[in-house]
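Asks: Pasted the sequence and its predicted model underneath.
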Amino acid sequence: MRDREKAKPGWVIWFVGLPGAGKSTYGRAVYHALLEQKVDVEYLSMDERRKAYFPAPQYTETERATAYRLFAEEAARIAHQGRNVIMDGTAHRRSMRENMRRLVPRFAEIYVRCSLETAIRREKGRPEGLVMAGLYDQALRRKRTGVQFEGLGEVVGVDTVFEEDPFAECVIYSERDSVEEGRDKVLAFLARWQ
């Protein structure tokens, strides 16, 4: 009996950037466009997966490192089954993205570039849900006054920096690229892998 041919690994793209930059907006636009093209793709959101890894997240540096390791391993398992994966998560440390690069042969970082001021403005309009509403306002107030807020861990952009990778495969400038322009930029990049 002949061994079945092993499935060719899928690709993984990871939308990264500040909270409120537009990662999920662009990521979901790409995801829906690929589904229309009949591409086998799965969407993983860190905001959703974090609750599975840590039911009561504290957002500490140690917890984040573990959550992003688990997130990357989950995406790699899916890709090694021959499926494609879109990830959406801040991943503020370059080492988190570099770990993903080591796990799959075809990986691309999609950096959603956005100023902190714009991210703060956008985040103010986000309803309470998977991510705490008023995240930036509370973090800035804590930094100014020392007042603590229950459930508010380290906030990327205020308490810790987002480490940019100058070699990210694709950059979306969310303050100027419309959702359609950002989507098409990523789809054009992915076309090179077809």
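Replies: Structure's in. What do you need?
Asks: C-alpha from now on. contacts and neighbour counts both.
Replies: Fine.
Asks: would you list every one of the helices in this protein?
Replies: 23-36, 46-53, 61-80, 94-103, 116-124, 135-145, 179-191 (DSSP state H).
Asks: Which neighbouring residues are in contact with I86, exactly?
Replies: Shown in contact with I86 (Cα atoms under 8 Å, 6 or more residues apart in numbering): V12, I13, W14, F15, G27, Y31, V41, E42, Y43, L44.
Asks: As JSON lines, the helices of the chain with distance to V161 and mean pLDDT would be great.
Replies: Putting those into JSON lines (distance: least, Cα to Cα, whole Å; pLDDT from 0 to 100) gives the following:
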{"stretch": "helix 23-36", "distance to V161": "17", "mean pLDDT": "97"}
{"stretch": "helix 46-53", "distance to V161": "18", "mean pLDDT": "91"}
{"stretch": "helix 61-80", "distance to V161": "12", "mean pLDDT": "95"}
{"stretch": "helix 94-103", "distance to V161": "11", "mean pLDDT": "96"}
{"stretch": "helix 116-124", "distance to V161": "11", "mean pLDDT": "88"}
{"stretch": "helix 135-145", "distance to V161": "13", "mean pLDDT": "87"}
{"stretch": "helix 179-191", "distance to V161": "24", "mean pLDDT": "97"}
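Asks: could you dump those helices to a markdown table with mean neighbour count and distance to E109?
Replies: As requested, these are exported to a markdown table (neighbours: other Cα atoms under 10 Å; distance: least, Cα to Cα, whole Å):
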| stretch | mean neighbour count | distance to E109 |
| --- | --- | --- |
| helix 23-36 | 18 | 12 |
| helix 46-53 | 16 | 15 |
| helix 61-80 | 19 | 12 |
| helix 94-103 | 16 | 7 |
| helix 116-124 | 16 | 19 |
| helix 135-145 | 16 | 25 |
| helix 179-191 | 16 | 10 |
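Asks: In JSON lines, list those along with distance to E169.
Replies: Putting those into JSON lines (distance: least, Cα to Cα, whole Å) gives the following:
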{"stretch": "helix 23-36", "distance to E169": "15"}
{"stretch": "helix 46-53", "distance to E169": "20"}
{"stretch": "helix 61-80", "distance to E169": "17"}
{"stretch": "helix 94-103", "distance to E169": "12"}
{"stretch": "helix 116-124", "distance to E169": "22"}
{"stretch": "helix 135-145", "distance to E169": "28"}
{"stretch": "helix 179-191", "distance to E169": "8"}
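Asks: So which of the ones you listed is nearest I110?
Replies: Taking Cα to Cα, helix 179-191 is the member of these nearest to I110, at 7.7 Å.
Asks: So which other helices or strands are in contact with that closest one?
Replies: If you count contacts as 3 or more Cα pairs under 8 Å, 6 or more residues apart in numbering; DSSP states H and E, helix 179-191 packs onto helix 23-36, strand 170-173.
Asks: Return the alpha-carbon coordinates of it using PDB.
Replies: C-alpha atoms of helix 179-191 as PDB (Å, rounded to 0.1, in the frame of the first residue of the first chain):
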ATOM      1  CA  VAL A 179     -10.400  49.000   3.800                       C
ATOM      2  CA  GLU A 180     -10.600  48.100   0.100                       C
ATOM      3  CA  GLU A 181      -7.100  49.400  -0.600                       C
ATOM      4  CA  GLY A 182      -5.600  47.600   2.300                       C
ATOM      5  CA  ARG A 183      -7.400  44.400   1.300                       C
ATOM      6  CA  ASP A 184      -6.200  44.600  -2.200                       C
ATOM      7  CA  LYS A 185      -2.600  45.300  -1.100                       C
ATOM      8  CA  VAL A 186      -2.600  42.000   0.800                       C
ATOM      9  CA  LEU A 187      -4.400  40.100  -1.900                       C
ATOM     10  CA  ALA A 188      -1.800  41.300  -4.400                       C
ATOM     11  CA  PHE A 189       0.900  40.000  -2.000                       C
ATOM     12  CA  LEU A 190      -0.800  36.600  -1.600                       C
ATOM     13  CA  ALA A 191      -1.100  36.300  -5.400                       C
END
